[in-house]
Every structure is written in structure tokens, then in C-alpha cells.
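Asker: sequence plus predicted model, see below.
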Amino acid sequence: MGFSDFHGNSETVHRLRDMLARKRFPHAVILSGARGSGKYTLALMLAQALNCLAPTETDGLPDFCSQCANCRRIALAADLDAKFAEAVESREGMRETDKKETRLFVQTHPDVLVIPPDPPQMMIKVDQVRRVIETIYYLPSEARERVYIFTDSAFMKEAANSLLKVLEEPPEFATIFLLSENAGELLPTIRSRSMIFALTALPVEEVDRYLAEQRPEWKPPQRALVARLCEGALGRARSFDLDAYVAARADALAILNSALSGGEHTQLFKITESYRAGAEGRVKTEHLLRTLYSLLRDLMFIGSRAPHLVHNTDIQNQLTKLADTADFEWIARASDRLADVERGMRRNLLRSLSLDALGLALEKIA
Ligand SMILES: [Zn+2]
């Protein structure tokens, strides 16, 4: 492992490594980019480079060895979802009083602290920032540089104000990373005290090449599909659940087909019946709705003679046929109906019923 394992955004990575080389690495770095764009991966790599005990050089710039004690312990935090789930679980097991006072952190190295948003609100809370303030002014014990990684930019107000105080007077030996899907969410005063680096979407071809290495079992049309659906975010491509997507899409297509052709409803009801209450049903329904949106968007692209923008390339012929019967007005109304179902889900309406209603409503306007 080293910086060469970070795919894409090579100019940004180069600039960051160049600042490492000149010993001018900023105290506060905002890494902005879509979900799955590599913000966390890059922050951990930089944390390793800042603290590697046997630093190396590649392409004339600082790199990390990935073998020394510091590199290895920092890398243990790489699976953020798993570490986050562990932290949540261990808090769940506590007594009520302790639970209230326990904030979530991921820590695999004494000087590197990962601060995820705290459920259920999924925001960074003031007690989490307090932990940063309590530790940041002490010299690191086993690293050269204390590193703090906030994995989300949704801060409670008081938390943001506390962070601002740290950023006004950061110690020489600490670096704070703020990861954000939308840097505009952060206080302007926080942004102005940080350096902002944007991780942009990778071209479809690059994602496709990456998938050819990582998912050799996928056929070229499957790779092309995922490369388009993940919108240039490798993290999303890597963890993409193709089977779940294809299953949801088959249902979505059947609902659209049934609505556009009219008549027989047996098939429609059979499908909607399989979307049940409970957490699992909720996830399944969310997949279905997202897939319906994606198909409607593709139909729109085909209708407006922009087939190169279609995401679901592997079923393009099928979609082209469907597009013949779906005009813009229908697509627009169908999108509105979908939004109704989403609102209904938030109010916990019975899913299968609102999906039935969706299918029938789409038909009436066909
Ligand atoms: Zn190392």
C-alpha cells in the first residue's frame, strides 16, 4: 500500500504530498467530495505519511511504508463502516447513564482519532469536539503528529463553535481533517481557517478499468453499468451490490411496464406484496424507489435524444421500447407520484399499499 493505490485525483494528491515534502502541511484540511470519492481513504493515507516510522519516496514525493507499527495501526481504522458499527454496538451494551455520556470515536492508534457523526441524529456533537480539545495540546505519544479525522461535516452548532476555537490556535503537532460531501455546510469561519481540496468524480472509463481488476467475475456490460451508476465514486463502485440492484430493477421495470401497458394487475400486486414492513422491507423499498427514479431519468434521456447519458446501458433496447409509450408529461407525473410514496414512507404508511397505489396511479395517467 502507498499513494499509488489511491485511484484518480492525482493532481490533488500530488499537491498534498508536495506540502508534506516541504513540511508545510496545513493544520486543517477539508477534503470534499461525493460519497465514495475516497475522502476517508486519502485522509488515512496522509495520517500514515505524517507518522510513518520508515517513510519512503515514490515519484520524488513522500510516501508511507504501510508496514511499520504506526502505518499498520492507523490502517486498522480503514473499514470505517465496520468500526463505526462496533462503536455503536459497544455503547448500546452500556448502562443507560453511561450511554448518555459516551460519545462515538474510532481509534486504532493512540494519536489518531476518528470522529464519526453520532447517532441517532448523525451529527458531530459538542462532547466529541471536547475530546479533541482535551487531547490536542498534548505532544503525541507514539506519532509525530496528532491526527483528527471528522468523517462528516454535519456539526451541532455548539460543536462547530468549539471546533472553531481549536482552529484559531492549533498546536504545531496536530492536523485536523474535515471530510465533507458539501463543504458549504461548514461555518465560513471554519472554511477560512482550513485548506480545501476537492475530490472529483472519475471518468467512467477509469472506473471501468478499476472494476476489471477488482471484480474480474463481472462481465463487461455489468462493469459498464456499475461504472455509470456509481457516478465516478470508486468507493461506491467497490461496494456496489449488483445482485440487489438488478433485482430491484426487475421489479421497477415490471411496475413501469404494467403501468404503461395497462390491463392485467396480477403481476403488479405480486411484486408489491413482496415489499413488507420492517427494516428489511424499508431498505428494499428504498432500493426500488431509487431504481425507479434512475429508470425514469433514463427514459427522459432517451426521449430527449441523449441516449449517451443513459445509466442502465445493459437494458438500453428495452428502455428504448418503453420510451415510445412514455412521454415527458407522463415521466414528470410519475416522478411526482414517486415523491408521494417517499413522503408516505416517512409517515410509515404501509409500503405494499402505497406501491400498489403508485402502480395504479401511473396507469391512470398513462
Ligand atoms: Zn510506515
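Answerer: Great, that's in hand. Numbering: from 1, shown residues only.
Asker: now do the buried residues in the helix or strand hosting T135.
Answerer: Per DSSP states H and E, T135 falls inside helix 126-136. Residues of helix 126-136 classed as buried under the neighbour-count rule (16 or more other Cβ atoms under 10 Å) are 126-129, 132, 136. Quick note: C-beta positions are derived from backbone N, CA and C, even for glycine.
Asker: can you tell me which helices and strands the very next helix or strand once past it packs against?
Answerer: The helix or strand immediately downstream of helix 126-136 is strand 146-150, counting by DSSP H and E. If you count contacts as 3 or more Cβ pairs under 8 Å, 6 or more residues apart in numbering; DSSP states H and E, strand 146-150 packs onto helix 39-51, strand 112-115, helix 126-136, strand 174-180.
Asker: which residue sits closest to A254 in space, ignoring its chain neighbours?
Answerer: In space, and not counting its chain neighbours, A254 is closest to I271: 5.6 Å by Cβ to Cβ, 6 or more residues apart in numbering.
Asker: let me know the average pLDDT across the helix or strand that contains the one you found.
Answerer: Element membership for I271, per DSSP H and E: helix 266-273. Mean per-residue pLDDT for helix 266-273: 79.
Asker: what is the orientation angle of the helix or strand following it with helix 266-273?
Answerer: Next along the chain after helix 266-273, taking DSSP H and E as the criterion, comes helix 278-303. Angle between the axes of helix 278-303 and helix 266-273 is 130 degrees (criterion: axes from the mean of the first three to the mean of the last three Cα atoms, to 10 degrees).
Asker: in the helix or strand following helix 278-303, what's buried?
Answerer: Downstream of helix 278-303, the first helix or strand assigned by DSSP H and E is helix 316-323. Neighbour-count burial for helix 316-323, counted by 16+ other Cβ under 10 Å, picks out 319, 322-323.
Asker: which one is L309 nearest to, not counting chain neighbours?
Answerer: That would be F301: by Cβ to Cβ, 6+ apart, it lies 4.4 Å from L309.
Asker: need the contact list for that neighbour.
Answerer: Shown in contact with F301 (Cβ atoms under 8 Å, 6 or more residues apart in numbering): 307, 309-310.
Asker: nearest to the ion, of these?
Answerer: In terms of Cβ to the ion, no member of these lies closer to the ion than L309, at 43.9 Å.
Asker: on that earlier part again, can you tell me which of the contacts of F301 are buried?
Answerer: For the contacts of F301, a burial check counting by 16+ other Cβ under 10 Å picks out V310.
Asker: got phi/psi on E57?
Answerer: Taking degrees, to the nearest 10, you get phi -130, psi 140 for the backbone angles of E57.
Asker: gap between it and V114?
Answerer: The gap separating E57 from V114 is 27 Å, by Cβ to Cβ, to the nearest Å.
Asker: what's the answer for L355, then?
Answerer: Separation of L355 from V114 (Cβ to Cβ) stands at 39 Å.
Asker: and for T266?
Answerer: For T266, the distance to V114 - Cβ to Cβ - is 51 Å.
Asker: neighbour-wise, which of those two wins?
Answerer: The neighbour count for T266 versus V114, taken as other Cβ atoms under 10 Å, is higher for V114 (27 against 8).
Asker: got the contact list for that one?
Answerer: V114 makes contacts with 77, 80, 83, 105-107, 149, 151, as judged by Cβ under 8 Å, 6+ apart.
Asker: partners of it in the sheet?
Answerer: With DSSP bridges applied, V114 shows beta-bridge pairing to V106, I149.
Asker: look up the pLDDT of it for me, please.
Answerer: pLDDT, read off for V114, is 98.
Asker: what do you get for R144?
Answerer: 95.
Asker: doesn't V147 make contact with F173?
Answerer: No - using Cβ atoms under 8 Å as the test, F173 is too far from V147 to be in contact (10.0 Å).
Asker: the more surrounded of those two?
Answerer: V147 (24 against 17).
Asker: test my guess that F240 contacts L229.
Answerer: Yes - if you go by Cβ under 8 Å, F240 and L229 touch, sitting 7.0 Å apart.
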